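Asker: predicted model, plus sequence, below.
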Amino acid sequence: MTQNSPKKKPIRFKIGVGLLILYPLMYLIIPIAPFLPIEVGVKVGLVAAVLGAAEAILLIGIACVGKEAYHAIKAKLGLGKKKRAAEEAARLEAEASTSSGSDSVEEHPGVDAEAATTSLERSSKDDHV
């Protein structure tokens, strides 16, 4: 007989997913901290501890679910998709220098032409210095 039941995820994976869910929730403590009836030094310590604990939770969560699963979750949520215009301009400049034709920024949709041109001008000034 064939079983079509999905594989059960190991407990380590489930703990990792739970930690990845807890990670952004940790940051909700920071805007609440100024309104707590405790001393200022304790508030500062609380915020520092929350920041450190949140980063530790993220790293432990990634270690539990695995690198590939973390990247899959990140891609599914749409995180990390935004590229900066300067990075895009640098990539376009590298492509233009390797290609035989003269590509212009206007030929690439989705690229901020002004930011790309400014980045290109800055890099050419750095070459002449």
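Answerer: Good, I have the coordinates.
Asker: distance of Val40 from Leu79?
Answerer: Using Cβ to Cβ, to the nearest Å, Val40 is found at 34 Å from Leu79. The C-beta positions use only the backbone N, C-alpha and C, and glycine is treated the same way.
Asker: whoops, I mixed them up, Lys9
Answerer: For Lys9, the distance to Leu79 - Cβ to Cβ - is 22 Å.
Asker: so between these two, which is more surrounded?
Answerer: Lys9 (12 against 9; other Cβ atoms under 10 Å).
Asker: can you pull the phi/psi pair for that one?
Answerer: Dihedral pair for Lys9: phi -80, psi 140, per degrees, to the nearest 10.
Asker: give me the pLDDT for it.
Answerer: In this model, Lys9 is scored at 82, pLDDT.
Asker: grab the longest helix from the chain for me.
Answerer: Longest helix in the chain by number of residues, with DSSP state H as the criterion: helix 40-65.
Asker: is Leu19 in contact with Ala56, as I believe?
Answerer: No - using Cβ atoms under 8 Å, Leu19 makes no contact with Ala56, being 9.5 Å away.
Asker: who's more crowded, the two?
Answerer: Using other Cβ under 10 Å, the more surrounded residue of Leu19 and Ala56 is Leu19, with 19 against 13.
Asker: now the more buried one: how far from Lys76?
Answerer: Taking Cβ to Cβ, one finds Leu19 at 17 Å from Lys76.
Asker: do the same with Ala56
Answerer: Taking Cβ to Cβ, one finds Ala56 at 24 Å from Lys76.
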